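Engineer: With the input below, show me the fold.
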Amino acid sequence: MRKDLILLPLIAQTVTGFSAGVTKPNQLKPNKQSSEDLSYRLLSLSRSGKIKEAVELYYDAWNIKNVQPSTRTMNNAIGACARSFKPLYNEAFDIFQHGLDNGLQPNVYTFGSLMSVCAKKGNVQKCTSLLKKMKGYGIKPNSVIYSTAISACERCSPPKSELAIELLREGTNKGTMDGFMNIVGYNAAISVCARAGEWRQACQLLNEMEGRDIAKYPKPILDSDLFTPRPDEVTYGTVMAACERAKEWQKVLELSKLMEVERDDLTMDGMSISSALHACQNLGYGRDALIYLEKMKELGKQSNNTQSNNQRNRGNRRRKALKGPDDVAYRLTISACARGGLIHEAIDLLQEMETEMGSPPDVAAYSAAIGGCAEVGEYILAFGLLKQMKQNGVEPNVITYSAVISACAAAIANAEKKRKDSKSKDPFFDEEDSEAMVKEPMRAGLKLLEKMKKDKCEDGQPNIVTYNAAIKVCAEGLDVTKAFKLLEDLLDRGLEPTIVTYGTLMTACERVGDVAGASKVFREMRANGIKPNEIIYGAAISCCRKASQPERPLLLLRKMIEDRLSPNTATFNTVIMAQTEAGNMEKASAVFKLLTSTHAKRAKPNRQTYNIIIKAMAANSQPKNAEYYLKVMREDGMMPDVDLLTAIVSSYERAREPIKALQMMESMREAGFDFYGNKIFDVAFKQGVKVIHNVVGNGFGGENATATFPDDEM
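Structural biologist: Numbering: from 1, shown residues only. Below is the predicted model of the structure:
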C-alpha cells in the first residue's frame, strides 16, 4: 500500500473537524485546512516524544499530492528535533534547507526552533550566525530568540559570560521584535555568569537592574537610559547561586537580606533558602540557619501558588521547586547549628527531622551533626551521636567515623590552647588535668581507628581521609612517632598519601621542632612523586626556626622560589625571625629586601614584619637601621606602635646618641604624630625625653642638647 494512504488518515484523525470519522485520502483537498492538519499532527508527535516519526512524517508529506506543507509545518518539524532528548542538530538544519529548496519562507518561529537546537548543544557560534542570517531575511529577533542564544553561552564549555552580556546588550539596545528584552533574558545572562564563576558580574547586573550602587561600577554593563525589567525571585536566586558556587557565603546572606528588606514584593523560594542555608552552614551561623529553616517550613504550609510556579518557569534555573524542608535543608541546618556551637539545637533537629520526614535521620544527617562537633572539638558529643545512630539502626560509614576522629583532633587543639592560656594566667594551674585533656581525646581517636580496621563492614573501612584525621590527632597531641607509624600503616593497606597527609605530618614535626622528621617528610614526598606546596614549606621553615637552625629556613625559602611557589607574608616573617633570633641582621635585611621584590608575588610586609625587624635592629645596637625600617613602615601606611618608638630611643641611649633619638622623635612629630594629643605616644615621648635627659645629665650632648628642650615642652 502507498505510504501516503497510511499517513493521511492519521493526520485527519487528529483534527477536531474530522472527529466524526476517518476521512478517506481522496476526500482531502489541497487547502489550508489540510496543511494545518499536518502541522498539528507534527506538533502532537513531537510533544509525545515521537521525534523520529515526526521527522519521517514531514518528509513523507511532500510526496502526498493533496497536501502542501507550509512554513508552520517546517517549523514544527524543526521544533521536534529541538525537543529530542539529544537535539537532532543535523536533522534540524536538513529540514530547514529542504524547506528553503521547496519554496518555504522562514519566519521568526523558524529561527527560534533552530536557535533552540543550537542552544541545547551549546553551539554558540551557530547561534550568533543565525542572528546574522535572520537580518539577511529581514526578520527581527524577538526576546525569546535572544534569551535562547544567551542560554547557549551557559551550555558551552567553558561558559561564555562576556558573549552572554554582549547578546543581552544587543537585545536591549536595539530592541526586539516584541519590544524590549524581558526578564528571562536577564536571568539567562545572570545564569551564564553563575556557571562561569563570574559572581561579581552577576551581582553588578542585579544592582544595575535595581538601580542600586551604580556609581561604584567604573564600567556599567547596561545603558542607564534604557528600560530594564525589575529583578524577580529567580533573578535574586540565580545571583545567590552564583555567589554560592564561588563560596562567597557572606554575599549570599547579604543578597537574601536585600531581597527581604528592600523588595517586600518578593518571597524567597525553596532553592534560594537552600543557598542561604548552605552559607549559614559554612559560616557556622546556627541562629540564622534556624530562621531560614522556618521560612522553608512556611513554604510547605502554603498551597500550590500559581504565581510562584509561573515565576519559577520564567527563569533559567533548571532546579526542582522546593515547597518545604527536605533532607538537605535539615542536614545544612544541623551542621550550621553544630558548627556554631548550638549542639543541643542540632540534636533536637535530628529528632525533628524524624518527625517531619517520617523516617529516622539518615547517615548523612548524623554525619552532618558529627561534622559540626568536629568543627568545635566536641568529641564526647560526637561519640554520643555515634552511639545514638547505631541504636537507631543507622550504620555509620567512613565519613561518619572520620568526622568523629577529626572531632578528637579539634578537641586536643582546643585543650592545648586552653592549657597555654591557663598556664600563664591561672596560679592554680593543674598540669595533670591539663595533660588528661589532651591524652583522652587522642586515645579515643586512635582507638576508633583501630576499631574501624577490624570492622568487617566495607563502608566503615578507613580511607585516606580517616588516616589524615588520625595523623592530625597525633600532630595536635605532639606525638610525631605515632604520626609516622600511621603513615606506614596506610601504605601497608595500599592507600595513597595525599598532599594533606604530608602537610599534616609536617605540622606534627613543626609543633615539636623535629628537623629530622621534616627531612623525612620531604624524602617520602619525593619517593611518591608529590611536590611540596607553600603550606608544607611554611611548616618546615617554622620547624627549623623552632630548632634554632637559621640557615635551613633560608635554603627552604630559596627552594620555594626556585620551584615557582609563592611564599606568603607569614613565611617571610618566619625566615626573618629565624635570622634575627640568631643575630644575623644582614641576612634578615636581605630577606626583607626579597619580600619587597618581584619574587614575593603573594606577599608584602605587614605590621608583624616591621615589628620583628625594627625590634631586632634596636636590640642588636643598630638604632639607625631600626629608624630606617620605621621610616619604611610609615611610608607603607602603618603607624608604629609605642613599643617600637621606645625600643629605638632606648637603643640610641645605649649607643650614647641622644641627639639622634630626639631628632627621630621630632621628625615623627613633624610627620603628624601627636605626642601630646595621644596618651600612648605622649608616654613614649616622655620616656624618650627622660632617656635623653639622663644621658645629657651624665655629660653627653652639651649645650646644644639642652637647648632642644624648651620649658613649655617639659
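Engineer: Contacts for stretch 497-517, please.
Structural biologist: 464, 467-468, 471-472, 474-476, 478-480, 483-484, 487, 490-491, 518, 521, 524-525, 528, 530, 532-533, 535-536, 539-540, 542-544, 546-547, 549, 552 (CB atoms under 8 Å, 6 or more residues apart in numbering). For the C-beta atoms, the positions are set from N, CA and C on the backbone; glycine is no exception.
Engineer: let's see it at 7 Å
Structural biologist: 464, 467-468, 471-472, 474-475, 478, 480, 483, 487, 490, 518, 521, 524-525, 528, 530, 533, 535-536, 539-540, 542-544, 546-547, 549 (CB atoms under 7 Å, 6 or more residues apart in numbering).
Engineer: Next: stretch 380-400.
Structural biologist: Here stretch 380-400 makes contact (CB under 7 Å, 6+ apart) with 343, 360, 362-363, 366-367, 369-370, 373-374, 403-404, 407, 444, 457, 459-463, 466.
Engineer: Can you tell me which of those residues are classed as buried?
Structural biologist: Using 16 or more other CB atoms under 10 Å as the burial test, the contacts of stretch 380-400 include 343, 362, 366-367, 369-370, 373-374, 403-404, 407, 444, 460, 462, 466 as buried.
Engineer: residue closest to the middle of this protein?
Structural biologist: residue 247 (2.2 Å; CA atoms, centre = their mean).
Engineer: what sits against it?
Structural biologist: By CB under 7 Å, 6+ apart, residue 247 has no neighbours at all.
Engineer: just to revisit the earlier point, okay, and which of the contacts of stretch 497-517 map to helices?
Structural biologist: Among the contacts of stretch 497-517, the members found in helices (DSSP state H) are 464, 467-468, 471-472, 474-475, 480, 483, 487, 490, 518, 521, 524-525, 535-536, 539-540, 542-544, 546.
Engineer: I'd say residue 582 and residue 550 touch.
Structural biologist: Yes: using CB atoms under 7 Å, residue 582 is in contact with residue 550, at 4.0 Å.
Engineer: These two: who's more crowded?
Structural biologist: A count of neighbours by other CB atoms under 10 Å puts residue 550 above the other of residue 582 and residue 550, at 20 against 16.
Engineer: pLDDT weak spots in the stretch 101-250 of the chain?
Structural biologist: Along the stretch 101-250 of the chain, segments meeting pLDDT under 70 span 175, 178-179.
Engineer: Okay, residue 43 and residue 118: tell me how far apart.
Structural biologist: In this view, residue 43 and residue 118 are 21 Å apart by CB to CB, to the nearest Å.
Engineer: of those two, who's got more company?
Structural biologist: In this view residue 43 and residue 118 are compared by other CB under 10 Å, and residue 118 has more residues nearby, 25 against 20.
Engineer: Roughly how far does the more buried one sit from residue 612?
Structural biologist: Counting by CB to CB, the gap from residue 118 to residue 612 is 61 Å.
Engineer: just to revisit the earlier point, any of the contacts of stretch 497-517 buried? List them.
Structural biologist: The neighbour-count test (16+ other CB under 10 Å) marks 464, 467-468, 471-472, 474-475, 480, 483, 487, 490, 518, 521, 524-525, 530, 535-536, 539-540, 542-544, 546-547 as buried among the contacts of stretch 497-517.
Engineer: which residue packs closest to residue 328, ignoring adjacent ones?
Structural biologist: With CB to CB, 6 or more residues apart in numbering as the criterion, residue 328 has its nearest non-adjacent residue at 6.7 Å, and that residue is residue 274.
Engineer: ok so, going back, roughly how far apart are the residue nearest to the centre of the chain and residue 201?
Structural biologist: From residue 247 across to residue 201, the span is 16 Å (CB to CB).
Engineer: go on, residue 148?
Structural biologist: Distance from residue 148 to residue 201, by CB to CB: 21 Å.
Engineer: which one of the two has more residues nearby?
Structural biologist: residue 148 (28 against 22).
Engineer: In this structure the more buried one contacts residue 117, no?
Structural biologist: No: Residue 148 lies out of contact with residue 117 (CB under 7 Å); the separation is 9.7 Å.
Engineer: where in the stretch 451-600 of the chain is pLDDT low?
Structural biologist: Short version for the stretch 451-600 of the chain, where the test is pLDDT under 70: 598-600.
Engineer: What residues of the longest helix along the chain count as buried?
Structural biologist: Longest helix in the chain, counting residues (DSSP H): helix 398-425. By 16+ other CB under 10 Å, the buried positions in helix 398-425 come out as 398-416, 419.
Engineer: That helix vs helix 464-476, what angle?
Structural biologist: For helix 398-425 against helix 464-476, the angle by axes from the mean of the first three to the mean of the last three CA atoms, to 10 degrees is 10 degrees.
Engineer: Tell me, how many residues neighbour residue 47?
Structural biologist: 13.
Engineer: make that residue 104, sorry
Structural biologist: Neighbours of residue 104 (other CB under 10 Å): 18.
Engineer: Check the one 3 residues further on too.
Structural biologist: Look at residue 107: counted by other CB under 10 Å, it has 15 neighbours.
Engineer: That one: what's its closest spatial neighbour, skipping adjacent residues?
Structural biologist: According to CB to CB, 6+ apart, the nearest residue to residue 107 is residue 71 (5.9 Å).
Engineer: does that neighbour really touch residue 108, like I thought?
Structural biologist: No: using CB under 7 Å, residue 71 is not in contact with residue 108; the gap is 10.6 Å.
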